[in-house]
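S.K.: Need coordinates for the below:
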Amino acid sequence: MSGHSHYATIKRQKETKDTQRGKLFSKLTRAISIAAKAGGSSDPETNHKLREAVDAAKAANMPKGNIERALKKASGGGGMEEVKYEGFGPGGIAVYVEVATDNKNRTAQEMKNLFEKWGGNLGGPGSVSFNFEPKGLIVVEKKPDAEEQMLALIDYKVEDVEETTDGIEVYCPVGELHTCKDELEKGGFAVKSAELIQKPKTLHIVDNEKTAGKALSFMEIIEEHEDVQQAFTNLDIPQEIIEKISKG
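M.R.: Numbers count the residues shown, from 1 in each chain. Presented below is the predicted three-dimensional model:
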């Protein structure tokens, strides 16, 4: 949407590379452990979910040694479980949270407290997940001829292509993330990032500066929780509001 930025774009603009890299690798390691336990195997060739987790790690340029150590550790499962939480945050935004925890009761209470503290509430299974769909997301560096780039990207038979303020977002099936990233790089595109996400089907516009700022702060707090792997929302903020929040 012209003049607007969804949460994933805003989040990328706020992150620093060093901090992002460290947190990302830690979360990817947990994701590999969860996938190995869920699929009953530490072999990516026979465990589809684990294959996706390893592909996501490769797409994020996680060192091979880190991936091998994560796989070796994953053979024991690590006592971690994957849990998903759904609810509503400030301004009525839909929030979908993926967690890796060794204590579901503790994490559930902490999630409930966070949502309620920020004026939101947890919902039951399916309360917001119907508005999200799993996708592979690759962000490509945008050049002056963005329209030509997008046309060229479509030729790679990706599912969708969107221009944003900080690049071009390319969406692909979750099982093809690593392959798609390699193909784009071979085609001369500069890949800035690649990850598995939950993409909102419809966006929720928040055009009040105070509410938008509160929603962004809430999402940052959720993502900083040590058990949270990823958090997604359908938050969409007009560009002029983002600029005011940044200056404030």
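
S.K.: per-domain residue ranges of this protein.
M.R.: Residue ranges for the domains of the chain, per automatic domain parsing: 4-74, 81-130+202-247, 132-200.

S.K.: Quick one: end-to-end length of the last one, please.
M.R.: Okay, so that is domain 132-200. 4 Å (Cα to Cα, to the nearest Å).

S.K.: again with the second one
M.R.: The straight-line separation of the ends of domain 81-130+202-247 (Cα to Cα) is 40 Å.

S.K.: Off-centre distance for the longest helix anywhere in the chain?
M.R.: When the chain is parsed with DSSP state H, its longest helix is helix 17-39. Here helix 17-39 is found 12 Å from its chain centre; the criterion is Cα atoms, centre = their mean, to the nearest Å.

S.K.: helices and strands around it, which ones?
M.R.: helix 48-59, helix 64-74, strand 81-88, strand 94-101, strand 228-233 (3 or more Cβ pairs under 8 Å, 6 or more residues apart in numbering; DSSP states H and E). (Glycine included, C-beta is placed from N, CA and C.)

S.K.: ok, 7 Å please
M.R.: Here helix 17-39 touches helix 48-59, helix 64-74, strand 228-233, going by 3 or more Cβ pairs under 7 Å, 6 or more residues apart in numbering; DSSP states H and E.

S.K.: what does it contact?
M.R.: Helix 17-39 is touched from outside by 42, 47-50, 53-54, 56-57, 60, 62, 66, 70-71, 73-75, 77-78, 80, 82, 100, 229, with contacts defined as Cβ atoms under 7 Å, 6 or more residues apart in numbering.

S.K.: from these, which would you call buried?
M.R.: The neighbour-count test (16 or more other Cβ atoms under 10 Å) marks 42, 47, 49-50, 53-54, 56-57, 60, 62, 70-71, 74, 78, 80, 82, 100, 229 as buried among these.
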